[in-house]
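fold the following, please.
(4 chains)
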Protein chains: 2
Amino acid sequence: MASSIHDLARHLNISIGTVSRALNGRADVNADTRQRVLEAARELNYSPNQSGRSLRQGATRSIAFMLQPHPGDQQYGEPFFIPFLTGLQARLAESGLDLIVVMGAPGDYQQERLRRVVETRRADAVVLAWTRREDERIDYLTERGFPFATLGRSRSGGKSYPSLDLDFEKAGSDAVDRLVARGHRRIAAIRPALNLNFGYLFLDGYREALKRHGIEVDPGLIADGFINEAGGYQVTPRVMLSRDRPTAIIFNNDAMALGGCKALAEMGIRPGHDIAVTVIVDTPLCRYFSPALTAFRPSLEPMGRRLAEMLLASLPAFAGPEGTRIIREVWPLELVVRESD
Amino acid sequence: MASSIHDLARHLNISIGTVSRALNGRADVNADTRQRVLEAARELNYSPNQSGRSLRQGATRSIAFMLQPHPGDQQYGEPFFIPFLTGLQARLAESGLDLIVVMGAPGDYQQERLRRVVETRRADAVVLAWTRREDERIDYLTERGFPFATLGRSRSGGKSYPSLDLDFEKAGSDAVDRLVARGHRRIAAIRPALNLNFGYLFLDGYREALKRHGIEVDPGLIADGFINEAGGYQVTPRVMLSRDRPTAIIFNNDAMALGGCKALAEMGIRPGHDIAVTVIVDTPLCRYFSPALTAFRPSLEPMGRRLAEMLLASLPAFAGPEGTRIIREVWPLELVVRESD
DNA sequence: ACGTTTTCCGTAAACGTTTACGAGAACACA
DNA sequence: TGTGTTCTCGTAAACGTTTACGGAAAACGT
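Predicted coordinates:
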């Protein structure tokens, strides 16, 4: 059905080698011949079969992003990733690469899907998100020597892969600074369980700032919960029932903040009046929630572009001049003051 | 680097043909030999090269979903699609197919990306969303004979492709019924411009119900806007400044509703008190907005599964017994009453 | 003991590309 | 005229699979 390079060759009465060279812009082909090949290609609307091409070249010219919905949270999507992916896609397209997003099943933490993509060589590199403190995916990829980049840091896999992360330490620290400046001293911190790395970074910043202000870190004010609304709902009362009630809470995730606010409402505690609520990664939900949640906002689309660039620079086939390799970057979050604190 | 079928054959001292047959579960291979092949495959952790396989078979065993962010709306993602994709992915995986999500650049309405996927044969079929009344993508695919399915109806491309849509007519009609029952007679309708098909369906239902109740359809109460928050914000005042002010508004899109409510707030009009607001497709944003928006909710994950099933049934390679082909289905939306109406 | 069927496996072609190699023709230069 | 260089192209191998075909050996039937 679809026309192949052989059809073109037969049609023009030349060899397939010449057709291929003409199409790929090689130098050793007559300008006139090239012209005729390009015309014929358009006429028969030929385009190269990707399977044939990648089989021969050993490269698929596409990058995979592993997207995974949180388990047990079907209604809540990941608005977070769309702008990021938009940026990623845009930059990759500029280098002639396709972005494909591989959906994982909720819960398997991608190991299975990831192996599948890697082992069947469906992509030339992968991009990981939701990095954990110790991340088996990173270990797997480095061990296998498969190129990748991560959105988020990790302690796994040596230091030789590109990664781009948000400055959660700074955000945690800034959040505390701001609250202390406004008179708070009992400040709770709620972060996701599992061992998502950003939860640790956030907590480091939180602790550092507290100490800097001479405030003792109270373990009773720190809680881990499942990273969704139910998790926030479940865990928030725990810190509120602490011996000496907190006057502020910093949530390390938007969905958890939403659940937390629901719990607070049921206790008759109003964010913005009775308690100050800050959330670390801003999403549209924070903006529309009532009261609108004060939050730290990332600039996702530029981050996507940037990570694509870093990844490209790390791939031998695309690397620019030596020394342009960017290994890791940490980007700031911008405070958006709303009504909840 | 990666082991091929030749490595296995050499290692076991048998031919590659036998190895392939053993791996693919063909009957004409000795049980003992098969055992040894499988063991060796595990040992050398072999897995088939997808390019080689699809080149030979003329099929990639993967389905592409074309995902596209709305132009000029970077912050607002598409939480809508994640549960849908989860269902789609799950069902496809059961048949051994991979789902890949192809990101389009905002604005080009996917023609370019779509052509790329189709012409380079990166997938065996594609799934389209955001169907328009007349949809060039559908025309393109039918003309080319490329298998596809759509989330949403269209008037393009004959009737022979699987499509699954929500019952926007019924939702529009039900929304009006409910409002009329509560005493409203001046009911505005705001829908997306472009010619997204569901906007027409919604309006059909709206008009039908109005007529049924003996209420004249006032063109001044119907407005089209760009399908995002800014669009809703911009267009809502237009219907509110109508000669005889509406007492209710039905928004055909969540983002537009959010923008509309912002405009209303600036006019000092409170949804739930001064005006009834209903939105047709519910998303998490509606739930968290204040006041929480009464909305019609789809069940996205089952829809994803179902559309996958319909698509599979339409592919010759996967079709079950004849007559099981499902061409089109329309699913109901469920009313979720909240505070805004 | 002999013909027939079944079981199992090797051979080789094919899928659509890219590319190393070499060869003929044209050209330049002395 | 002879030699070297440059252009341009054809040939054929290779990438990793799957599969049609045929044949050897084993099993079976009489």
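
tell me where chain A has helices.
Taking DSSP state H, the helices of chain A run over residues A:5-12, A:16-23, A:31-43, A:50-57, A:81-94, A:111-119, A:136-144, A:168-181, A:197-212, A:229-240, A:254-266, A:284-288, A:300-314.

for residue B:274, find the nearest of these.
helix A:284-288 (19.8 Å; Cβ to Cβ). Using the backbone N, CA and C atoms, a C-beta is placed for each residue, glycine as well.

who are the packing partners of that closest one?
helix A:254-266, helix B:284-288 (3 or more Cβ pairs under 8 Å, 6 or more residues apart in numbering or on different chains; DSSP states H and E).

what's stretch A:326-333 in contact with?
A:153, A:159-168, A:170-171, A:280-282, A:296-299, A:303, A:306, A:309-310, A:313 (Cβ atoms under 8 Å, 6 or more residues apart in numbering or on different chains).

among the helices and strands packed on helix A:284-288, which comes closest to DNA strand D?
Between DNA strand D and those, the shortest gap by Cβ to the nearest atom of the strand is with helix A:254-266, which sits at 41.6 Å.

buried stuff in that closest one?
A:254, A:255, A:256, A:257, A:258, A:259, A:260, A:261, A:263, A:264 (16 or more other Cβ atoms under 10 Å in any protein chain shown).

would you mind confirming that the fourth one makes contact with residue A:264?
No. In terms of Cβ atoms under 8 Å, residue A:257 does not count as a neighbour of residue A:264; the distance is 10.0 Å.

how close does residue A:140 sit to chain B?
To chain B, residue A:140 is 12 Å away according to Cβ to the nearest Cβ, to the nearest Å.

what residue ranges in chain A score low on pLDDT?
A:1, A:70-78, A:108-110, A:320-324 (pLDDT under 70).

if we can go back for a sec, and the buried residues of helix A:254-266, which is closest to residue A:224?
Looking across the buried residues of helix A:254-266 and measuring by Cβ to Cβ, the closest to residue A:224 is residue A:256, at 9.9 Å.

for that closest one, what are its contacts?
A:190, A:191, A:192, A:225, A:227, A:228, A:229, A:231, A:232, A:235.

still on that earlier bit, redo the helices and strands packed on helix A:284-288 as CSV? Include distance to DNA strand D.
Listed next are the helices and strands packed on helix A:284-288 as CSV, based on distance: least, Cβ to the nearest atom of the strand, whole Å:
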stretch, distance to DNA strand D
helix A:254-266, 42
helix B:284-288, 42
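
rebuild the ones you listed as TSV, extending it with distance to residue A:176.
What follows is those, written out as TSV (distance: least, Cβ to Cβ, whole Å):
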stretch	distance to residue A:176
helix A:254-266	16
helix B:284-288	26
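
do stretch A:219-236 and chain B meet at all?
No. Figure legend: stretch A:219-236 not in contact with chain B (Cβ under 8 Å from any Cβ of the partner chain); closest approach 9.0 Å.

quick check: end-to-end length of that stretch?
End-to-end span of stretch A:219-236 (Cα to Cα, to the nearest Å): 14 Å.

list the contacts of that stretch.
A:70, A:72-73, A:76, A:186-194, A:196, A:199, A:203, A:238-239, A:242-243, A:246, A:249, A:251, A:253, A:255-264.

ok, back up a step: out of the contacts of stretch A:326-333, which are buried?
A:153, A:161-168, A:170-171, A:280-282, A:296-299, A:303, A:306, A:309-310, A:313.

what does the stretch 101-250 of chain A put close to chain B?
A:101, A:102, A:103, A:104, A:105, A:106, A:116, A:119, A:120, A:121, A:122, A:145.

so which residues on the stretch 51-200 of chain A come close to DNA strand D?
Within the stretch 51-200 of chain A, the positions lying close to DNA strand D (Cβ under 7 Å from any atom of the strand) are A:52, A:55, A:56, A:58.

for chain B, what's its nearest residue on the stretch 151-300 of chain A.
Residue of the stretch 151-300 of chain A nearest chain B, by Cβ to the nearest Cβ: residue A:290 (2.7 Å).

ok, now which ones touch that residue?
B:288, B:289, B:290, B:291.

got it, and residue A:287?
Neighbours of residue A:287 in contact, by Cβ under 8 Å, 6+ apart: A:293, A:338.

check whether stretch A:31-42 contacts chain B.
No. Contact between stretch A:31-42 and chain B is absent, the nearest approach being 11.3 Å (criterion: Cβ under 8 Å from any Cβ).

which outside residues touch that stretch?
A:8, A:11, A:12, A:14, A:18, A:19, A:22, A:23, A:46, A:47.

go again with 10 Å.
Stretch A:31-42 is contacted from outside by A:3, A:5, A:7-9, A:11-12, A:14, A:18-23, A:25-26, A:29-30, A:46-48, using Cβ atoms under 10 Å, 6 or more residues apart in numbering or on different chains.

buried set for it?
A:34, A:36, A:37, A:40, A:41.

in TSV: these, plus distance to DNA strand C.
Shown next, in TSV, are the buried residues of stretch A:31-42 (distance: Cβ to the nearest atom of the strand, whole Å):
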residue	distance to DNA strand C
A:34	13
A:36	16
A:37	11
A:40	13
A:41	10
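
spatially nearest residue to residue A:288 (excluding sequence neighbours)?
Excluding its sequence neighbours, the residue lying closest to residue A:288 (Cβ to Cβ, 6 or more residues apart in numbering or on different chains) is residue B:289, at 4.8 Å.

list the contacts for the one you found?
Contacts of residue B:289 (Cβ under 10 Å, 6+ apart): A:285, A:287-290, B:254, B:257-258, B:261, B:271, B:277, B:279, B:283, B:295, B:338-340.

give me every residue that touches the residue lying closest to residue A:113 once chain neighbours are set aside.
Closest residue to residue A:113 apart from its sequence neighbours, by Cβ to Cβ, 6+ apart: residue A:104 at 4.6 Å. Going by Cβ under 10 Å, 6+ apart, residue A:104 touches A:66, A:67, A:68, A:69, A:110, A:111, A:112, A:113, A:114, B:86, B:89, B:93.

residue of the stretch 1-150 of chain A nearest DNA strand D, please.
Closest contact between the stretch 1-150 of chain A and DNA strand D, by Cβ to the nearest atom of the strand, is at residue A:17 (2.8 Å).

which ones are touching that residue?
With Cβ under 10 Å, 6+ apart, residue A:17 has these contacts: A:5, A:9, A:29.

cool, residue A:184 as well?
Contacts of residue A:184 (Cβ under 10 Å, 6+ apart): A:176, A:178, A:215, A:246, A:247, A:248, A:275, A:276, A:341.

now do residue A:112
If you count contacts by Cβ under 10 Å, 6+ apart, then residue A:112 has A:104, A:105, B:93 around it.

may I see those residues organised as a markdown table, with distance to residue A:137 added?
Converted to a markdown table, the contacts of residue A:112 look like this (distance: Cβ to Cβ, whole Å):
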| residue | distance to residue A:137 |
| --- | --- |
| A:104 | 11 |
| A:105 | 15 |
| B:93 | 19 |
